[in-house]
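Enquirer: Predicted model, plus sequence, below.
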Amino acid sequence: MGKVPLNDPASRDNLATWLKQPGMLGFRISFRHSGTHSFLDDGTADWFWADCERYDIPVMIFAPFAVARIGEIAERHPNLRVVVDHMGLNLQWKGKDLGPGVDALLKFARFKNLAVKASCLPCYVDEPYPFPTLHTQIRRVVERFGAERVFWGTDLSQLPCTYRQAVTLFTEELGFS
């Protein structure tokens with residue numbers, strides 16, 4: 001997944017050829033920094049969703065303060081393949097009830113063009129492996145989106161556990177398949 005500066009006019013000119021670059025499968029766009037938050041609301045990113053839909057380029061979006069906006073994008077662009085990164089969760093919720101954040105995500109399960117990346121999850125809890133409070137939230141997402149629209153990832157740069165524990169959380173600990 002590549003990154004593109006949404007506010008650079010040259011980005012639009014290069015979008016059609018993006019997938020021709022070796023190894024590129026789509027884009028990952030982050031709206032977590034203050035300089036990019038406004039792009040979701042002020043029209044800066046509007047061209048991007050339409051063009052990615054037109055060229056069939058999947059987009060992974062991390063917008064922990066704007067999961068509802070991701071759902072609106074998926075609804076407005078039904079042929080755009082959208083992935084909500086990190087289940088749409090916010091690191092400010094670490095150690096708190098993640099249920100309301102997951103509730104916001106679940107509202108958009110009806111959009112078949114929207115999938116979820118269940119990654120970085122141990123970063124959102126204060127408990128040790130096997131992170132029991134995550135189990136219910138992961139199950140809720142898988143039950144609503146279906147296993148075919150939820151996929152696993154780690155985010156090794158932030159994990160408070162070993163890579164093996166990040167894997168076995170999903171392969172051995174969840175108690176459902």
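Expert: Received the coordinates, thanks.

Enquirer: Distance check, the most centrally placed residue in the chain against F176.
Expert: Nearest to the mean C-alpha position of the chain, by CA atoms, centre = their mean, lies D85 at 1.4 Å. D85 sits at a distance of 23 Å from F176 (criterion: CB to CB, to the nearest Å). For every residue, glycine as well, the C-beta is placed using N, CA and C.

Enquirer: ok, how many other residues are close to Q137?
Expert: 24 (other CB atoms under 10 Å).

Enquirer: correct me, but it touches K96?
Expert: No: using CB atoms under 8 Å as the test, Q137 is too far from K96 to be in contact (12.0 Å).

Enquirer: which other residues reach the longest helix belonging to the chain?
Expert: Identified as the longest helix of the chain according to DSSP state H is helix 132-145. Helix 132-145 is contacted by residues 87, 98-99, 102, 105-106, 109, 114-116, 118, 121-122, 124-125, 127, 150, 169-170, 173-176 when judged by CB atoms under 8 Å, 6 or more residues apart in numbering.

Enquirer: Is there a quick PyMOL command that grabs whichever of those are buried?
Expert: To isolate the buried members of those in PyMOL, using 16 or more other CB atoms under 10 Å:
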select buried, resi 87+98+102+105+106+109+114+115+116+118+121+122+124+125+150+169+174
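
Enquirer: Keep only those of the contacts of helix 132-145 that are in helices.
Expert: Counting by DSSP H, those contribute 99, 102, 105-106 to helices.

Enquirer: And the residue nearest to the centre of the chain, what's its pLDDT?
Expert: We note a pLDDT of 95 for D85 in this prediction.

Enquirer: From the ones in helices among the contacts of helix 132-145, pick the one nearest L6.
Expert: L105 (22.6 Å; CB to CB).

Enquirer: Wait, a helix at T36?
Expert: Yes: assessed with DSSP: H, G, I helix; E, B strand; the rest coil, T36 lies in a helix.

Enquirer: Quick one: neighbours of it, just the number.
Expert: 17.

Enquirer: neighbours of the closest residue to it other than its chain neighbours, just the number please.
Expert: Excluding its sequence neighbours, the residue lying closest to T36 (CB to CB, 6 or more residues apart in numbering) is S30, at 6.8 Å. Neighbourhood size, S30 [other CB under 10 Å]: 13.
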